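> Okay, predicted coordinates and the sequence, questions at the end:
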Amino acid sequence: MPSSRDGFTRDLCEEIPRLPGETRITDKEVIYICPFNGPIKGRVYITNYRLYLRSLETDSGALLDIPLGVIARVEKMGGASSRGENSYGLDITCKDMRNLRFALKQEGHSRRDIFEVLTKYAFPRSHGLPLFAFLNEEKFPENGWMVYNPIEEYRRQGLPNGQWRVSFVNKRFEMCETYPSILVVPYHSTDDDLRRVATFRSRNRIPVLSWIHPENKNVIMRCSQPLVGMGGKRNKDDEKYLDIIREANGQISKLAIFDARPSVNAVANKATGGGYESDDVYHNAEIFFLDIHNIHVMRESLRKLKDIVYPNVEESHWLSSLESTHWLEHVKFVLTGAIQVADKVASGRSSVLVHCSDGWDRTAQLTSLAMLMLDSYYRTIAGFEVLIQKEWISFGHKFASRIGHGEKNYADTDRSPIFLQFMDCVWQMSKQFPTAFEFNEQFLITILDNLYSCRFGTFLFNSEYAREKEKVMMKTLSLWSMINSDKGKYTNPFYTKELNRALYPVASMRHLELWVNYYIRWNTRMRQQQPNPVEQRYVELLALRDEYVKRLEEMKMTNSAKLSSSSASSSATSQMMPHVQTPF
Amino acid sequence: MLGKGVGGGGGSKAPKPSFVSYVRPEEIHTNEKEVTEKEVNLHLLPGEQLLCEASTVLKCIQDDSGQHGICGKLVCTDFKIAFLGDESTLDDNEPQFKNKVIGENDITLHCVDQIYGVFDEKKKPLFGQLKKYPEKLIIHCKDLRVFHFCLRYTKEEEVKRIVSGIIHHTQAPKLLKRLFLFSYASAKQNNTATGPPHQTMMFDTIKDWHWELERTKGNIKYKAVSANEGYKVCEKLPAYFVVPVSLSEEDISCFQGRGIPIWCWSCHNGCALLKMSAFPKEQDDSILQTQKAFLDGIYKTIHKPPYENLKTEELSNTFISLQEIQTSYSKFKQLFLIDNSSEFWDTDVKWFSLLESSNWLDIIRRCLKKAIEVIECLEVQNTNVLLIEENASDLCCIISSLVQVMMDPYCRTRFGFQSLIQKEWIMGGHCFLDRCNHLRQNDKEEVPVFLLFLDCVWQLLQQHPPAFEFTETYLTVLSDSLYIPIFSTFFFNSPYQKDTNLGKESQDSQSKPLSLLTVWDWSVQFEPKAQILLNNPLYVEKPKPDRSQRRASHFKHQRQLSLPLTQTKSSPKRGFFREETDHLIKNLLGKRISKLINSSDELHDSFREFYDSWHSKTVDYHGLLLPHIEGPEIKVWAQRCLRWIPEAQILGGGPVATVNKVLEMMEEVQSLQKKIDEKHNSLMAPPLDALSLLRKPTRLSSLFPFALLQRHSSKPVLPTNSWKALGDEEDLAKQEDEFVDLGDV
């Protein structure tokens, strides 16, 4: 390689985008084996945050710019003996539905070097290094950590009230390590009652309030499974506690318990000490099983989905391939479960209690989706942030275990796309009700991208307890800081505020669609038009309206005898005309 | 409700039928059915006659409160089956989009697809003479509606009369002359209030063909001929059509119009799309020899300048067969002809595989792909394309029309699209009568070829909404119009058949020929207010061309051809060679590319390259338009297929929600514009009226504008089905989320 060329690329490397706090580690000439456009010669730059690839063939910008946090696995492909073009190099598996392949020269340990750098910085937690979120020095005008204040959110719901109180029994996480410190519980249960109930609930995750209906005062409660076990153990405190919940809104009907699991699994859980509330013990409760499968089934389903969309989209048997992944079927069952929960509460029939096994995966999906259906506040940008912050982050969805931030153990059975599945359900809803959400698709995709990126502290660690120990709020930035500082980018122009309107999606396969803009976005052939033409047209019209309104006001101001200026503006009007002539 | 549905059906006074109510409410109340039978008048069109009727029929309706019935009268005329009952629709439910000819409870006889009877809870198809009469009648319609009529409370005599009447009038073979079309036309003859002139080219005069040749600049190489005036040469071809200038009149008549290239359309670079009826299979060697010699002569003429290269596309053998289309659609439509809620949810789990096994979406994909291949030849390879099919009137129509819709922005306007259908389908001799089986003479001939075309256009429309002047609602009502026998458009096999049956060609008819309505006169079916829904608010008319800019982008394209991998994203998708500028360069480039394409593998690559390169650029909605043909992009035409299924209704949602907001905003902008203009015109402005939004703020459902709100409450629809076997994931399903023994927690 001539030195002049080398010098040229060295100059270029200064141009690679870097965040404050991001440092460059290495760069290397590689051949990027693009599955869509074939091999491209390029230079890859690795920082402590990202992998950046610039083409050496064309002057187009970045071919790749991905946070290292997205990487699930780095593998060597080909050995010293491998022949054939581009057969020696690295194969990188990402958490966001793509794989990257780089071919390298066999000479001079170039592969070993880059492999070591990548594994070290993509999996810092396996190498005793901090996650990038702790090194990030970005500044944003908004502070996303202020978005969620549990006391304020409960006050918004009208809590505490005569029936419900705020309890500090878990202030230092002494009752339950995976719950937040502030809980809303029945007014008539003492903290001692709660502690006794905790002994009968898996991981001490007692039933606590998630949401209260503003009119009929029915509530959505969440918890983990009762520790019934093979012997069919009972716990008077738990039974009494559920009765108090049932009575809190003055209802005499039975308390509806939604067990997210298929009933066989709920029964099988007795073998390991778990189980469900049988109606011969809980006389005033009615149990419904929602048939949603476990984290392993969901992981396998997404893996199959990736097989049919990356790198190539299965063409001739697309529909049956899609069906065989079961992904949309799982989405359907999650949505159906949430609709049932929401309908029970809204129809005024009874309060509901939702649990699965531990109450941090399927339970979080169901409560948050039901709340999204019932409470229009959660369909705003700020409200949705609160929803995630509350039902997922504070109630201990194990983001660290499910995503594996900075961990090299890609095959860990704790990994599962539960949060992604929830976001898919939200997308399906926003697709069915395109005017009901303040946020757009970009908002959802940005959240998912930063679920993996490790740029923000938002999704790090498994519980509030762990986050407090690691001082996440002090040492890292919130994803909501970035989003709320640039809200326009994430706003849906069609949003129409409608208060107190329950939104029930149709959970039929006839309406569920694969989220192409997320799952197949790397395929250049599938690139969708952004923004979509209907939206673009609407935004144009909005701008036109604003201009007209402004002009009308100006005309009112300069009321009479301004004939001279009017001729100028009328010509402007006629220039605008073609835009609005169409259907009339 | 019929009374509302049929407003001004032609303006003539129909005889009021006598109406006697046979209801005995006490009898019905014991069965917990609600009975409110009000007198509803049967509206008859001019020439329409009542054939039979039955009273105390219950129309069964499924809604969120379960099944309920509406009591009324079922009648059968020589035009339609109609149910006259009072559905006491709420004012909110007043349809904004009602059809003036076909009411909500009307089924034209041609729209009936299949009739079933229910005997002791068992559903059986009904044919011919019946020995036993059913307690319930289920009618599946070709527009995918499903009607349930309960006959349990109807007098036995009336049941017999109405059931056998309906079966006879919908299933028995008919003579062409007995079509309602003719009774309607003769009855209407007196009050010939012809509709407003429409700008659709009918292509029944030589003038229209000249106009089309001029529009596409095809008149240098092609000429309109009148050799077939009076159908002297051939009964399959129209009276006027277009052929290469070098073709002699002798050639045209040599084989009754077979074996000659007929012009469809000319591309901006001068290349043309042509079609040809193949010779029927012939055993005789000498005849084969003459045919071959004739064809060789023809090919020689059109291989020479000015025609250059010619590629032939044999559609009869190598492409989709009509049989395939027929089988596929009969499976596909069953997916939407749903009798009840449990059937809906039972099929829901297997939905994707059911859809795939129907093969319908794959057939659509193959049609779109074939059209792109043809376009690649015309556009990139500078080659004329000749489509060959046995009668050149089925697949030829689909492919040639699709090519034009994609390449010619004029065909994406409403009048352009209608003219295209006139040119390629009506004058092209597509056998609508046989393909729709309007006369019930041969079920085997019934193939939804035109519907397949409309579905392909729908795919383009939903992928590129701003490129079309019309909406999907337009396509849906057009597909419904196939079965309304007051329009002549879709009720003949050829222009010859139409003309001879109207007495235009026969000498002995003293009276003036019948004048028939064309479907393009949309005012017959829809009030102006409803017609607004046929216009696409996203469509923006073509801006005035700027010459200098064109040349610049023209230049870019040539660069891109030599460097296919470097795509500048900003350049709009125009044709590769826009306008008629530099012929020499075009020819050179065309030849260079065609040299590269020898084997079929490379042909595939050139297709791929063309397809990928187009899709990597921003869309010019007034230029070449290609569809995505990947699996996830080919979808079910939901508006047409799901519109009558209450379970599939999204209350207050669906794509209509955003389109409606666009419409509202347009109204607002317009009224602001008006105010500004008023202020300009007279400074003594009249008092401004408040912004009038025509639309009520009521929430529309995803079924808009077709079905009314079928679910009155906002209660959710709950799926009632369980898991299908997970297959190889069964083991995983049994596992715990996390392996922790909770026993001693």
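That came through fine. Residues are numbered from 1 along each chain as shown, chains lettered A, B, ... in the order given.
> Could I get the buried residue list for stretch B:262-282?
For stretch B:262-282, a neighbour-count test (16 or more other C-beta atoms under 10 Å in any protein chain shown) marks B:262-279 as buried. For every residue, glycine as well, the C-beta is placed using N, CA and C.
> Please flag which of those residues sit within strands.
Within the buried residues of stretch B:262-282, residues falling in strands by DSSP state E are B:262-266, B:272-277.
> and residue 125, how many residues sit next to it?
Defaulting to chain A. For A:R125, the count of nearby residues is 16 (other C-beta atoms under 10 Å in any protein chain shown).
> My question was about chain B, not that one.
Quick note: B:P125 (other C-beta under 10 Å) scores 10 neighbours.
> That one: what's it in contact with?
For B:P125, the contacting residues are B:114-117, by C-beta atoms under 8 Å, 6 or more residues apart in numbering or on different chains.
> Make CSV out of the ones in strands among the buried residues of stretch B:262-282 and add distance to A:E138 and pLDDT.
Below are those laid out as CSV (distance: C-beta to C-beta, whole Å; pLDDT from 0 to 100):
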residue, distance to A:E138, pLDDT
B:I262, 67, 95
B:W263, 64, 96
B:C264, 60, 97
B:W265, 57, 97
B:S266, 59, 96
B:A272, 60, 94
B:L273, 58, 96
B:L274, 63, 95
B:K275, 63, 96
B:M276, 67, 94
B:S277, 70, 93
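> residues contacting the nearest residue to A:I483 once chain neighbours are set aside?
Residue nearest to A:I483 in three dimensions, not counting chain neighbours: A:Y490, with 5.9 Å by C-beta to C-beta, 6 or more residues apart in numbering or on different chains. Shown in contact with A:Y490 (C-beta under 8 Å, 6+ apart): A:381, A:439-440, A:442-443, A:446, A:483.
> again with A:D449
A:67, A:70, A:96.
> from these, which are also near chain B?
Applying C-beta under 8 Å from any C-beta of the partner chain to those, one finds that nothing falls near chain B.
> Out of these, which end up buried?
A:67, A:70, A:96.
> Return the distance of B:T500 relative to B:Q256.
Distance, B:T500 to B:Q256, by C-beta to C-beta, to the nearest Å: 17 Å.
> just A:R172 next, same as before
Counting by C-beta to C-beta - A:R172 and B:Q256 are separated by 96 Å.
> who's more crowded, those two?
Ranked by neighbour count (other C-beta under 10 Å), A:R172 and B:Q256 place B:Q256 first, with 15 against 10.
> Just to check, the more buried one is in contact with B:Y231?
No - here B:Q256 does not reach B:Y231: they are 10.4 Å apart, not a contact under C-beta atoms under 8 Å.
> Low-confidence bits of the chain, can you list those?
The chain I'm using is chain A. Applying pLDDT under 70 to chain A flags residues A:1-14, A:527-531, A:559-584.
> was after chain B, sorry
B:1-40, B:63-66, B:87-96, B:190-198, B:504-512, B:544-603, B:681-699, B:707-714, B:720-727, B:738-745.
> can you list the domains in it?
Taking the TED database as the reference, chain B has its domains at B:50-88+B:97-172, B:206-505+B:512-533.
> Grab the nearest non-local neighbour of A:R98.
Nearest residue to A:R98, sequence neighbours excluded (C-beta to C-beta, 6+ apart): A:W522, at 4.6 Å.
> Next: B:I484.
B:I484's closest residue in space is B:T108 (C-beta to C-beta, 6+ apart), at 5.7 Å.
> quick one, what contacts that neighbour?
B:79-80, B:102, B:483-485.
> need the contact list for the residue nearest to B:E633 when sequence neighbours are not counted.
Distances taken as C-beta to C-beta, 6+ apart place B:Q463 nearest to B:E633, at 6.6 Å, with adjacent residues excluded. Shown in contact with B:Q463 (C-beta under 8 Å, 6+ apart): B:627-628, B:633.
> ok, A:V166 - contacts?
Taking C-beta under 8 Å, 6+ apart as the test, what A:V166 contacts is A:151, A:154, A:159-160, A:182-184.
> Looking at the residues you listed, which is nearest chain B?
Taking C-beta to the nearest C-beta as the measure, chain B lies nearest A:L183 of the contacts of A:V166, at 19.5 Å.
> what sits opposite the closest one in the beta ladder?
A:S167 (DSSP bridges).
> in the chain, which spans are strands?
Went with chain A since none was named. Here chain A has its strands, by DSSP E, at A:24-34, A:38-47, A:50-55, A:62-67, A:71-77, A:89-94, A:99-103, A:164-167, A:183-186, A:208-212, A:219-223, A:255-259, A:285-289, A:352-355.
> Hmm, no, I was thinking of chain B.
B:50-63, B:66-77, B:80-85, B:106-108, B:112-119, B:122-125, B:136-141, B:146-150, B:222-225, B:241-244, B:262-266, B:272-277, B:310-314, B:384-389.
> Redo these as a markdown table? Include distance to B:A371.
Shown next, in a markdown table, are these (distance: least, C-beta to C-beta, whole Å):
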| stretch | distance to B:A371 |
| --- | --- |
| strand B:50-63 | 40 |
| strand B:66-77 | 41 |
| strand B:80-85 | 37 |
| strand B:106-108 | 32 |
| strand B:112-119 | 29 |
| strand B:122-125 | 37 |
| strand B:136-141 | 30 |
| strand B:146-150 | 33 |
| strand B:222-225 | 21 |
| strand B:241-244 | 21 |
| strand B:262-266 | 12 |
| strand B:272-277 | 10 |
| strand B:310-314 | 10 |
| strand B:384-389 | 11 |
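> what's around the residue in the stretch 1-150 of chain A that chain B sits nearest to, how many residues?
Closest approach between the stretch 1-150 of chain A and chain B, counting by C-beta to the nearest C-beta: A:T58, at 5.6 Å. The number of residues packed near A:T58 is 15, by other C-beta under 10 Å.
> and it, how far is that from A:E29?
15 Å.
> So which residues on the stretch 301-450 of chain A come close to chain B?
Applying C-beta under 8 Å from any C-beta, we find that the stretch 301-450 of chain A lies next to chain B at A:301, A:313-324, A:326, A:328-329, A:332-333, A:336, A:339-340, A:342-343, A:347, A:356-358, A:361, A:413-414, A:432-436.
> Just those: which are in helices?
The helices, defined by DSSP state H, take in A:301, A:318-324, A:328-329, A:332-333, A:336, A:339-340, A:342-343, A:432 from those.
> List every C-alpha atom in stretch A:62-69, with coordinates, as PDB.
The C-alpha coordinates for stretch A:62-69 follow below in PDB (Å, rounded to 0.1, in the frame of the first residue of the first chain):
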ATOM      1  CA  ALA A  62     -19.900   5.100   6.800                       C
ATOM      2  CA  LEU A  63     -20.800   1.600   5.700                       C
ATOM      3  CA  LEU A  64     -21.200   0.500   9.300                       C
ATOM      4  CA  ASP A  65     -21.500   2.500  12.500                       C
ATOM      5  CA  ILE A  66     -22.600   0.300  15.300                       C
ATOM      6  CA  PRO A  67     -22.200   0.400  19.000                       C
ATOM      7  CA  LEU A  68     -20.100  -2.400  20.400                       C
ATOM      8  CA  GLY A  69     -22.900  -3.200  22.800                       C
END
